[in-house]
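> Whatever this is, show me its structure:
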Amino acid sequence: MRPPTAPRGPRRTPGPLPEERRDEPDRTPAEQTTPGQLAAPVEPAATPPSAGRGRWLPVGPSRAQTAADPGFVERLAERTRARRRLAWRKVLVVVAALAVLGGAAWAVLVSPLFALDMEDVTVSGVGEGTTVPRDEVVALVEERVGTPLPRLDTGALTEQLTAITTVRSAQVSRSWPNGLAVDVVARVPVAAATSEDGLVLLDVDGVVVGSVPEAPEGLPRVTVPLSGERAGETLAAVLTVLAELPADLRAQVATAGASNPASITLELTDGAEVRWGAVEESALKASVLAVLREREARVYDLTVPRAPTISH
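Below you'll find the predicted structure:
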């Protein structure tokens, strides 16, 4: 037998819902459940394939923007023209700069604007009273007339000048805009020596700077062997001694000779003999000789300059 069912009560009319129930959002049919019924799982809404992914936005204007703004195309065209004008301006500036540099290079290196003019050349240390002929120096400079000064090789000209036998040294400098300053130091003869070619003049380096029929007044003659193992060293020692002498003492020397670099002797114009010895301490020996010459003597021995002796 089935158990008796409970009697049903009278139906009630539903009253107003509580505030909390009234504010809740409407539930979907899937969320509405009846007592004793489990809530069905709610599936998330489908997401569009492109949602949440990065996209490249169009750079250019859309058709709608173009249609809405008719002046946009004109502004875009004006901007393009401005960019082209700026690019052409840069090109013109570069071309103008290159043209200026090219013109300056042509004016300096090629044009006659800075060409060497012989009228603006000064030469010193040559000619009369020296052993360097002026014509020989001027001829070397004239070969370069018309050459622009920036291209003129002053080093090569200096080498050619010093190659002249009687030139000891030379210096060449540019004198803008069209000239040169040539300063020559001539070799000065300090002695005369007898050679196969006759009587020659020697400077302190032993270089022959000329030949003469007889020794000039005040210039001593050198009597050294011109051949042999130490001939060059001996000649250099004698010439060094003569260069160390003051001009007034050198004028009193008639001859200077040596058989080797350590046995130098001087014969004075009054017949006195000076035993010089080696070339070392020549400056001190010259000073001692100047003092000893205040006393007349036949021999002045300076081989030991700090203890000189004289003999009558």
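
> what comes up buried for stretch 297-310?
Neighbour-count burial for stretch 297-310, counted by 16 or more other Cβ atoms under 10 Å, picks out Tyr300, Asp301, Leu302, Pro305, Pro308. Placement of C-beta: from N, CA and C, glycine included.

> Leu219: how many residues sit nearby?
18 (other Cβ atoms under 10 Å).

> Provide the secondary structure category for it.
Assigned by DSSP: H, G, I helix; E, B strand; the rest coil, the conformation of Leu219 is coil.

> from what I can see it touches Ala191, true?
Yes: assessed by Cβ atoms under 8 Å, Leu219 is found in contact with Ala191 at 6.5 Å.

> Overlap in contacts, these two.
Shared between the contact lists of Leu219 and Ala191 (criterion: Cβ atoms under 8 Å, 6 or more residues apart in numbering) are residues Leu201.

> Determine which two of the buried residues of stretch 297-310 are furthest apart.
Tyr300 and Pro305 (10.9 Å; Cβ to Cβ).

> Could you pull out the residues contacting both of the two?
With Cβ under 8 Å, 6+ apart, Tyr300 and Pro305 have no common neighbours.

> residue ranges with poor pLDDT in the stretch 151-300 of the chain?
226-228 (pLDDT under 70).

> Do you have the strands of it handy? List them.
Counting by DSSP state E, counting those that start in this stretch, the segments of the stretch 151-300 of the chain that form strands are 167-175, 179-186, 191-195, 198-202, 208-212, 221-223, 253-258, 264-268, 273-277, 299-301.

> ok so, going back, from the buried residues of stretch 297-310, pick the one nearest Ala77.
Pro305 (101.8 Å).

> A strand includes the closest one, no?
No: counting by three-state DSSP, Pro305 is not part of a strand but coil.

> So it versus Pro220, what's the distance?
20 Å (Cβ to Cβ, to the nearest Å).

> Against Ala215, how distant is the residue nearest to Pro177 when sequence neighbours are not counted?
Nearest in space to Pro177, with sequence neighbours left out and distances taken as Cβ to Cβ, 6 or more residues apart in numbering, is Phe114 at 5.2 Å. Distance, Phe114 to Ala215, using Cβ to Cβ: 49 Å.

> Dihedrals phi and psi, Asp197?
When read as degrees, to the nearest 10, the backbone of Asp197 gives phi -90, psi 10.

> Contacts only, for it.
Applying Cβ under 8 Å, 6+ apart, the residues near Asp197 are Ser211.

> how far away is it from Gly210?
For Asp197, the distance to Gly210 - Cβ to Cβ - is 11 Å.

> quick one on the thing from earlier: and the strands of the stretch 151-300 of the chain as CSV, adding distance to Arg83?
Shown next, in CSV, are the strands of the stretch 151-300 of the chain (distance: least, Cβ to Cβ, whole Å):
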stretch, distance to Arg83
strand 167-175, 49
strand 179-186, 54
strand 191-195, 86
strand 198-202, 82
strand 208-212, 77
strand 221-223, 88
strand 253-258, 90
strand 264-268, 90
strand 273-277, 92
strand 299-301, 98
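
> now stretch 239-256, how far from the chain's geometric center?
45 Å (Cα atoms, centre = their mean, to the nearest Å).

> Give the buried residues for that stretch.
Leu239, Thr240, Val241, Leu242, Glu244, Leu245, Leu249, Arg250, Gln252, Val253, Thr255, Ala256.

> so which of the strands of the stretch 151-300 of the chain gets nearest Gly125?
Here strand 179-186 is closest among the strands of the stretch 151-300 of the chain (Cβ to Cβ), at 3.8 Å.

> Run me through the strand neighbours of that closest one, direction for each.
strand 121-124 (parallel), strand 167-175 (antiparallel) (DSSP bridges).

> and the gap between Pro261 and Val73?
103 Å.

> the more surrounded of those two?
More crowded of Pro261 and Val73, by other Cβ under 10 Å: Pro261, with 19 against 11.
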